[in-house]
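Chemist: Quick one: sequence and predicted model below, then my questions.
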Amino acid sequence: MSYNATGNSASRRIATLLDEGSFVEIGGAVTARSTDFNMQEKAAPSDGVITGYGVIDGNLVYVYSQDADVLGGAIGEMHAKKIARIYDMAMKMGAPVIGLIDCAGLRLQEATDALEAFGSLYQKQALASGVIPQVTAIFGMCGGGLAIVPGLADFTFMEENDGKLFVNSPNALEGNEISRCNTASAAYQSKTAGLVDGIGTEAEILGQIRSLVCMIPANYEDDMSYEECTDDLNRVCADIANASEDTAIALAQIADNGVLVETKKDYAKEMVTGFIRLNGQTVGVVANRSKVYGADAETEAEFDAGLTVDGCAKAADFVNFCDAFSIPVLTLTNVAGFAATVESEKNMAKAVARLTYAFANATVPKVNVIVGKAFGSAYVAMNSKSVGADLVYAWPTAEIGMMDAKLAAQIMYPDADADTQSAKAANYKELQSSPNAAAARGYVDAIIEPADTRKYVIGAFEMLFTKRENRPDKKHGTV
């Protein structure tokens, strides 16, 4: 299975992913060593996986690419050991690992040898977590224990037609059948399960991986995620106020050259996460979203301005990644409370706690811009000043407080007539819910015009560039 065999799908994917001619194969002569069940009579070139290194836009990466044509794509002992060795090298060099997965599972003929070697791969992934970025892309089968590999990775992509990701196959689930709910499909894993960051054709997801690798640091110490900014640092975002509901559009307007690399784009759309550049520096972004607009400006989806269990989980995982790799975090806040359903109530408290902990525990520069409502403890959890935001800005139209002023007036003056309640609501809004009231108490650092958002957040992150913040000595948190 030579890299030069371009007809081989595993080799072709590497060639598409990396800069032309940059790939260097490691362990190309390795083959299966088991002789049980006459295995020595079966050809196993490279034991079914190409491993090596190359560059993406000049950035060093380590790659393994599985070949489903070798022994049915099953993982054997040497197959797993080759991948584990790539992880060892990547951690020494401080470079990301990209896994291109197309595999039928563990090789039954090698049984415990394959299982033991495969377990060592889990350990390597666990040790590499927070040290180097880990990216996986699924082009074919990824079932059973192999499904844990993308679960341990930081980012996962999936081919939209041929990719299949599952622990238990759809037909093995009680009461289910694949025609009813294909739980292994790319659509299910990206929209419902939330494990997959992006789906598309083979070429599209390899392109998405290239864009992502160029945006994030190579490791937790050496941050090379900077590039020269060709955009105007003081550029006015003239229409950004109209994008307060669809904050993905607002973030793109703030970003250098309008580029937003969104993560888990199809999952929990009420919460936007992704990466942008500000003055050439990579910044992680988290934002509440109440509407999704299509290319024709039509509303594709609409949400209550509340935190959901899935949205909190999505944001918490993303903030943890940013903190591990020293990526500053920008939040756009527009939240009025919590999703109120019987189903969400089962996990809401824990999900919000994890989000709160992620923001409070992060020591990277953190900037919050309140673009709409910021009510109650839902706002507190969204990177508020009280849980550690370094700077908080608010648009003049923002509302900050316990709840909507009209509702507060109704609770405080239940026996008053409508005119009195309206007057009390206006008074409450001025005294308690306006950005001016929050700024007077030091909870907001500045009230800014929406059009000036870009220059303010760029200036904030430049000031915070040398931030150092310690935490109490401990082994690790338990939230």
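Modeler: Yep, that arrived. Numbering: from 1, shown residues only.
Chemist: Below-threshold pLDDT in the stretch 301-450 of the chain: ranges please.
Modeler: Judged against pLDDT under 70, the low-scoring parts of the stretch 301-450 of the chain cover residues 403, 409, 424, 428, 431.
Chemist: Output stretch 147-159 in PDB, but only the C-alpha positions, please.
Modeler: The C-alpha atoms that make up stretch 147-159 are tabulated as PDB, following Å, rounded to 0.1, in the frame of the first residue of the first chain:
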ATOM      1  CA  ALA A 147     -16.600   4.900  17.500                       C
ATOM      2  CA  ILE A 148     -14.800   5.900  20.700                       C
ATOM      3  CA  VAL A 149     -11.900   7.200  18.600                       C
ATOM      4  CA  PRO A 150     -13.800  10.200  17.200                       C
ATOM      5  CA  GLY A 151     -15.400  10.600  20.600                       C
ATOM      6  CA  LEU A 152     -12.000  11.100  22.100                       C
ATOM      7  CA  ALA A 153     -11.000  13.500  19.300                       C
ATOM      8  CA  ASP A 154     -11.500  17.300  19.400                       C
ATOM      9  CA  PHE A 155     -13.200  17.600  16.000                       C
ATOM     10  CA  THR A 156     -14.900  15.000  13.800                       C
ATOM     11  CA  PHE A 157     -16.000  15.200  10.100                       C
ATOM     12  CA  MET A 158     -18.100  12.700   8.200                       C
ATOM     13  CA  GLU A 159     -18.700  11.800   4.600                       C
END
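Chemist: quick one: buried residues of it?
Modeler: If you call a residue buried by 16 or more other Cβ atoms under 10 Å, then stretch 147-159 has these buried ones: A147, V149, P150, L152, A153, D154, F155, T156, F157, M158, E159. Yep, even glycine has a C-beta here, placed from its N, CA and C like the rest.
Chemist: Correct me if wrong: the last one contacts A203.
Modeler: The one in question is E159. No - under the criterion of Cβ atoms under 8 Å, E159 lies out of contact with A203, with a separation of 9.9 Å.
Chemist: Mind checking which of the buried residues of stretch 147-159 land in helices?
Modeler: Residues from the buried residues of stretch 147-159 lying in helices, with DSSP state H as the criterion: V149, P150, L152.
Chemist: Show the pLDDT at the second one.
Modeler: Per-residue confidence for P150 comes out at a pLDDT of 96.
Chemist: That one: what's it in contact with?
Modeler: For P150, the residues meeting the contact criterion (Cβ atoms under 8 Å, 6 or more residues apart in numbering) are I101, T136, I138, C142, T156, L165, L195, V196.
Chemist: Ok, the last one next?
Modeler: Taking Cβ under 8 Å, 6+ apart as the criterion, L152 is in contact with Y122, Q125, A126, S129, Q134.
Chemist: beta partners for V286?
Modeler: The residues paired with V286 through beta bridges, assigned by DSSP bridges, are T273, T331.
Chemist: Please apply the same query to V392.
Modeler: Each beta-bridge partner of V392 is listed here: N368, as defined by DSSP bridges.
Chemist: close enough to count as contact, it and M382?
Modeler: No - because the distance of 10.6 Å does not satisfy Cβ under 8 Å, V392 is recorded as not touching M382.
Chemist: Between the two, which contacts overlap?
Modeler: With contacts defined as Cβ under 8 Å, 6+ apart, the residues shared by V392 and M382 are N368.
Chemist: Now do stretch 101-115: distance to the chain's middle.
Modeler: A distance of 30 Å separates the centroid of the chain from that of stretch 101-115, by Cα atoms, centre = their mean, to the nearest Å.
Chemist: can I have that stretch written out in CSV, keeping just the CAs?
Modeler: Extracted as CSV, the C-alpha positions of stretch 101-115 are listed here (Å, rounded to 0.1, in the frame of the first residue of the first chain):
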residue,chain,number,x,y,z
ILE,A,101,-11.2,6.4,9.2
ASP,A,102,-12.6,3.7,7.0
CYS,A,103,-12.7,0.4,9.0
ALA,A,104,-14.8,-2.6,9.6
GLY,A,105,-13.7,-3.0,13.3
LEU,A,106,-11.2,-5.2,15.1
ARG,A,107,-9.6,-8.2,13.3
LEU,A,108,-11.2,-11.3,14.8
GLN,A,109,-8.2,-13.5,13.8
GLU,A,110,-5.9,-11.6,16.1
ALA,A,111,-8.4,-11.3,18.9
THR,A,112,-6.7,-10.3,22.2
ASP,A,113,-3.5,-9.0,20.4
ALA,A,114,-5.6,-6.6,18.4
LEU,A,115,-7.7,-5.7,21.4
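Chemist: Buried members of the contacts of L152 into ChimeraX, please.
Modeler: Buried subset of those, written as a ChimeraX selection, criterion 16+ other Cβ under 10 Å:
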select :122,125,134
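Chemist: need the strands for the stretch 351-479 of the chain, in chain order.
Modeler: In the stretch 351-479 of the chain, the strands defined using DSSP state E, counting those that start in this stretch lie at 366-375, 391-394, 399-401, 446-447.
Chemist: swap in the stretch 51-200 of the chain?
Modeler: Listed in chain order, the strands found in the stretch 51-200 of the chain under DSSP E, counting those that start in this stretch are 59-66, 74-75, 97-101, 105-106, 134-138, 141-143, 155-159, 164-166, 198-200.
Chemist: before we move on, the earlier item: reformat the contacts of P150 as a markdown table; add pLDDT and distance to D69.
Modeler: As requested, the contacts of P150 are arranged in a markdown table below (pLDDT from 0 to 100; distance: Cβ to Cβ, whole Å):
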| residue | pLDDT | distance to D69 |
| --- | --- | --- |
| I101 | 94 | 15 |
| T136 | 98 | 20 |
| I138 | 97 | 17 |
| C142 | 92 | 16 |
| T156 | 98 | 23 |
| L165 | 94 | 20 |
| L195 | 96 | 26 |
| V196 | 97 | 25 |
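Chemist: Just send the residues you listed back as TSV, with distance to A360 too.
Modeler: Formatted as TSV, those follow (distance: Cβ to Cβ, whole Å):
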residue	distance to A360
I101	35
T136	30
I138	34
C142	35
T156	27
L165	33
L195	26
V196	28
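Chemist: closest to N182 among those residues?
Modeler: Minimum distance to N182 across these is 10.8 Å, recorded for L165 (Cβ to Cβ).
Chemist: Tell me if I'm right that that closest one and I199 touch.
Modeler: No - in this structure, L165 sits apart from I199 without contact. The criterion is Cβ under 8 Å, and the distance is 10.6 Å.
Chemist: so what's in contact with the two at the same time?
Modeler: With contacts defined as Cβ under 8 Å, 6+ apart, the residues shared by L165 and I199 are M158, A186.
Chemist: Out of the contacts of L152, give me the two with the largest separation.
Modeler: Longest span within those, Cβ to Cβ: Y122 and Q134, 12.1 Å.
Chemist: Run a quick check on V352 versus L307, I expect a contact.
Modeler: Yes - the pair V352 and L307 qualifies as a contact (Cβ under 8 Å) at a distance of 6.1 Å.
Chemist: overlap in contacts of those two?
Modeler: Common contacts of V352 and L307, defined by Cβ under 8 Å, 6+ apart, comprise F338, A378, A381.
Chemist: Now, the residues you listed that are in helices?
Modeler: When the shared contacts of V352 and L307 are checked against helices (DSSP H), the matches are A378, A381.
Chemist: I'd like the shared contacts of V352 and L307 laid out as CSV, including neighbour count and distance to A439.
Modeler: CSV is the format used below for the shared contacts of V352 and L307 (neighbours: other Cβ atoms under 10 Å; distance: Cβ to Cβ, whole Å):
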residue, neighbour count, distance to A439
F338, 22, 26
A378, 23, 20
A381, 27, 21
